[in-house]
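Chemist: A structural model of the following input is requested.
(one chain, ligands or ions: 2)
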Amino acid sequence: MQIAPSILSADFARLGAEVDAVLDAGADIVHFDVMDNHYVPNLTFGPMICSALRDYGVQADIDVHLMVEPVDAMIEAFAKAGASMISFHPDATPHMHRSISLVKDLGCKVGIALNPGTPLHELEEVIQYLDYVLLMTVNPGFGGQQFIPQSTDKIKRLKQMIETRKLSTLIEVDGGINAETIKQTYDAGADIFVAGSAIFNAKDYKHSIDSLRQAVK
Ligand SMILES: O=C(CO)[C@H](O)[C@H](O)COP(=O)(O)O
Ligand SMILES: [Fe+2]
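Modeler: Residues are numbered from 1 along each chain as shown. Ligands and ions are numbered 1, 2, ... in the order given. Sure thing, here's the model as predicted:
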């Protein structure tokens, strides 16, 4: 299992130190939520902040979750800024296949992000090209929301879809993941666990990350 703290809940005034702290505490991946006040009703950070983290010395994978519309210009900007993984929402681009190819051509891992209300059949024609599928387990736009319980069944159905096609696509879950909700998503087949508030709102990051790992046992 890979734990990906969402820096949406970090102290932005001390971002470099916050990222160092969660990586020192055992996190695997840095989850970077890009919101444009258009695709979602919130505004966060852009590629300059991603390259600033690289310049600061962050070497871990940076997982860019694009909640922007359109996506292609931001894919190019984030690949240049040091992103390792880039996901976007299918309803934010007119040409999903072209946007997937763009991420891969730029040397990043590619994921499609699905909102709670978006059906899995959106993946039908493209799943074989994906490194991961990001299943939103809350509606996108804000940290600190409650996990939507129906998501567990969707994870199981996605896992089945992947296994039926003999693919090695990873499943990333994002939203409301904490020590209470993580086990059901792990048991359902998730591989990468994004957690923002559950990690950054805790005093001791190592304790909160250890508790997430412990909770699936
Ligand atoms: O994509 C997101 C919101 O759109 C965030 O990654 C997600 O909400 C993480 O925050 P939390 O763990 O607090 O729910
Ligand atoms: Fe996210």
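
Chemist: what's the pLDDT at the residue lying closest to residue 80 once chain neighbours are set aside?
Modeler: Using C-beta to C-beta, 6 or more residues apart in numbering and skipping residues adjacent in sequence, the residue nearest residue 80 is residue 47, 7.0 Å away. Just so you know, the C-beta spots here come from the backbone N, C-alpha and C atoms, and that holds for glycine as well. Note on residue 47: pLDDT of 98.

Chemist: near residue 47, how many other residues are there?
Modeler: 20 (other C-beta atoms under 10 Å).

Chemist: ok now do it, which residues does it touch?
Modeler: Neighbouring residues of residue 47 by C-beta atoms under 8 Å, 6 or more residues apart in numbering: 74, 77-78, 80-81.

Chemist: columns secondary structure on top of these, output as JSON lines?
Modeler: What follows is those, written out as JSON lines (DSSP: H, G, I helix; E, B strand; the rest coil):
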{"residue": "74", "secondary structure": "helix"}
{"residue": "77", "secondary structure": "helix"}
{"residue": "78", "secondary structure": "helix"}
{"residue": "80", "secondary structure": "helix"}
{"residue": "81", "secondary structure": "coil"}
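
Chemist: for this structure, what lies in contact range of ligand 2?
Modeler: 33, 65, 174 (C-beta under 5 Å from the ion).

Chemist: apply 6 Å and report the result again.
Modeler: 6, 31, 33, 65, 174, 194 (C-beta under 6 Å from the ion).

Chemist: could you point out which element follows the helix or strand hosting the third one?
Modeler: By that I understand residue 33. Using DSSP states H and E, residue 33 maps to strand 29-35. For strand 29-35, the following helix or strand on the C-terminal side (DSSP H and E) is helix 47-56.

Chemist: now the residue of the chain most remote from its centre: how far from residue 127?
Modeler: Distance from the C-alpha centroid of the chain, by C-alpha atoms, centre = their mean, peaks at residue 164 (23.9 Å). The gap separating residue 164 from residue 127 is 10 Å, by C-beta to C-beta, to the nearest Å.

Chemist: how about residue 33?
Modeler: Note on residue 33: its distance to residue 127, by C-beta to C-beta, is 23 Å.

Chemist: and the residues of the chain next to ligand 2 as CSV, adding neighbour count, pLDDT and distance to residue 85?
Modeler: Below are those laid out as CSV (neighbours: other C-beta atoms under 10 Å; pLDDT from 0 to 100; distance: C-beta to C-beta, whole Å):
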residue, neighbour count, pLDDT, distance to residue 85
6, 24, 98, 13
31, 27, 98, 9
33, 24, 98, 13
65, 27, 98, 9
174, 26, 98, 12
194, 28, 98, 11
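
Chemist: which of those residues sits closest to residue 146?
Modeler: Within the residues of the chain next to ligand 2, the smallest distance to residue 146 is 13.5 Å, found for residue 174 (C-beta to C-beta).
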